[in-house]
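A.B. asks: Sequence and predicted structure below; questions after.
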Amino acid sequence: MDIFVNGALPLSLVVIMLSLGIGLTLDDFKRVMIRPEAFAIGAGAQIVFVPLMAYLMTLMFGITGELAFGIMLLSLCPGGVTTNIATKIAKGDVALSVSLTAVVSLLNIITVPFVASWSVIHFMGANAPEVTITGLALAVFVVTTIPVLLGMTVRYLRPRFSIRIEPTFSLIGAGLFSIIVVAALFSGWDTFTANISKLGPILVTLSLSLLIMGLLVAKASGLAWKEVKTVSIEAGLQNATVGIALASFVSTQSGGLSEMGLPSAVYGIVMYIVVAPFVFWYRKT
């Protein structure tokens, strides 16, 4: 399983982020200026409210140590290809979803290192592994930012080629997401079985709370219903592969899935179960 953690996992994440970049154009960023209110509310929900909700949940459920830090890592993950797919099924604003995914993914190089560095000390104290803001920023840059920018470059230089391969790459990205989550759980099966009774309730509650929070905040802000649905889905679905990868960079564990990475792996399954009723409800409205 060391091969999975040290090789296959980062490589798969690079492919997932590359597939995201290939689907992006400059117009996706220009839309931020066309509907700045919707974007600001969606980005604020992801960057501010999701980590805040995760932190409050760790306090409510009494989660500490590596598991608590892992939940915070999960909360820092952006949406991904799967949020765009879910938004499309829900008849939400796909353009807004893509713009949020793109910008928040690129902003990760700033947000993740600072919050993660604080979280690891806060939750693990003297047992915290050595984590530097520079080291985390470099890790995020290598496995997320560079692939997204590379994909965007390919899209810009070879638009016809990119349009032709985009559907295939999106499917590959979604497929790799599922494979990584399942493989991660199997690589740390003992860790999973020992902690699922603690993690299950908090992650189900977190997923449900984020979906409802996104819905209420967006609706209270006066956004159009399609935008409300999009903000809700973007808040509730996270790119769990980023959390698993970041945990593998931070953890000192030599093999298998660490307790830090477990929340992301479990959430990668739980969130779809929780979000499914919302997506089908949204589709009918």
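C.D. replies: Perfect, thanks for sending it.
A.B. asks: Provide the secondary structure category for Pro277.
C.D. replies: Three-state call for Pro277 (DSSP: H, G, I helix; E, B strand; the rest coil): helix.
A.B. asks: Next one: it relative to Ile212, how far apart?
C.D. replies: Going from Pro277 to Ile212 by C-beta to C-beta, to the nearest Å gives 12 Å. All C-beta spots, glycine's among them, are computed from the backbone N, C-alpha and C.
A.B. asks: Neighbour count: these two, which is higher?
C.D. replies: Ile212 (14 against 11; other C-beta atoms under 10 Å).
A.B. asks: which residues touch the more buried one?
C.D. replies: Applying C-beta atoms under 8 Å, 6 or more residues apart in numbering to Ile212 gives the contacts Ser232.
A.B. asks: Which SSE is immediately downstream of the helix or strand it falls within?
C.D. replies: Using DSSP states H and E, Ile212 sits in helix 189-220. Once helix 189-220 ends, the next helix or strand along the chain (criterion: DSSP H and E) is helix 225-236.
A.B. asks: Show the average pLDDT along that following helix.
C.D. replies: For helix 225-236, mean pLDDT is 95.
A.B. asks: Quick check: phi and psi at the residue of the chain most remote from its centre.
C.D. replies: If you look at how far each residue of the chain sits from its centre, by C-alpha atoms, centre = their mean, the farthest one is Arg160, at 28.8 Å. Reported as degrees, to the nearest 10, the phi and psi values for Arg160 are phi -70, psi -40.
A.B. asks: what's the answer for Pro129, then?
C.D. replies: Here Pro129 shows phi and psi, under degrees, to the nearest 10, equal to phi -70, psi 160.
A.B. asks: ok, back up a step: can you list the buried residues in the helix holding Ile212?
C.D. replies: Neighbour-count burial for helix 189-220 flags 191-192, 195, 199, 202-204, 206-211, 213-215, 217-218 (criterion: 16 or more other C-beta atoms under 10 Å).
A.B. asks: Can you mark which positions in the helix or strand where Leu18 lies are buried?
C.D. replies: For Leu18, the host element (DSSP H and E) is helix 9-22. Across helix 9-22, burial judged by 16+ other C-beta under 10 Å covers 9-10, 12-22.
A.B. asks: Stretch 38-54 too?
C.D. replies: Applying 16+ other C-beta under 10 Å to stretch 38-54 flags 38-39, 41-43, 45-47, 49-51, 53-54 as buried.
A.B. asks: got the contact list for that stretch?
C.D. replies: The contact list for stretch 38-54, computed with C-beta under 8 Å, 6+ apart, reads 31-32, 71-72, 74-76, 78-79, 93, 96, 99-100, 103-104, 107, 111, 115, 206, 209-210, 213-214, 217-218, 221, 223-224, 227, 230-231, 234-235, 238.
A.B. asks: C-alpha coordinates for stretch 278-285, CSV please?
C.D. replies: Output of stretch 278-285 as CSV, limited to C-alpha atoms (Å, rounded to 0.1, in the frame of the first residue of the first chain):
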residue,chain,number,x,y,z
PHE,A,278,-31.0,16.9,-2.4
VAL,A,279,-29.9,16.6,-6.0
PHE,A,280,-33.1,14.8,-7.1
TRP,A,281,-35.2,17.3,-5.1
TYR,A,282,-33.4,20.2,-6.8
ARG,A,283,-33.9,18.5,-10.2
LYS,A,284,-37.7,18.6,-9.7
THR,A,285,-37.8,22.3,-8.6
